[in-house]
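[1] Sequence and predicted structure, then a few things I'm wondering about:
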Amino acid sequence: MVARKPVSGRGYCAATAEEVVARVSEGEMLTSITTDPMMPSLRTVMRWRADYPEFAEDLRLAREGLAERFSDLGWKMAMEATPETAFLTQVRLKQLRWPRCWGRGRMGG
């Protein structure tokens, strides 16, 4: 178990929240971000999302933007598929469908 450096005691830290949002918007998984010893735990991020509406909205918008990037990526993958890569492309495209629900409040805030 990696010891965590306190981000800002146990309280909300706007700068750290902005870093979480930025990293999510670049495509990094929240579970990956929250295992970084310099970042808050997943539990803390979930608490921030519940307690700070501005953070929840920023996180939702970051994921919505990421979903648009995934849509573009999916289109590119579909257009580049060949008979030899069709099954792999299908598997990848099915996974890319998940972010669609982020913009409707089910996962993103």
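    Alright, I've got the coordinates. Numbering: from 1, shown residues only.
[2] Could you report the neighbour count for Ser71?
    Around Ser71 sit 14 other residues, with neighbours defined as other Cβ atoms under 10 Å. Placement of C-beta: from N, CA and C, glycine included.
[3] Find me the pLDDT at it, would you?
    pLDDT recorded at Ser71 is 84.
[4] For the helix or strand Arg47 falls within, which helices and strands make contact with it?
    Of the helices and strands defined by DSSP states H and E, Arg47 is found in helix 42-51. Other elements packing on helix 42-51 under the criterion 3 or more Cβ pairs under 8 Å, 6 or more residues apart in numbering; DSSP states H and E are helix 30-33, helix 53-80.
[5] Run the chain-centre distance for it.
    The chain centroid and the centroid of helix 42-51 are separated by 14 Å under Cα atoms, centre = their mean, to the nearest Å.
[6] For it, the averaged confidence score.
    In this model, helix 42-51 has an average pLDDT of 96.
[7] got the angle between it and helix 53-80?
    110 degrees (axes from the mean of the first three to the mean of the last three Cα atoms, to 10 degrees).
[8] what about the closest residue to Leu30 other than its chain neighbours, how many neighbours?
    Of all residues beyond its chain neighbours, the one nearest Leu30 is Val24 (6.1 Å), with distances taken as Cβ to Cβ, 6 or more residues apart in numbering. Here the number of neighbours of Val24 (other Cβ under 10 Å) works out to 24.
[9] This completes my enquiry, with thanks.
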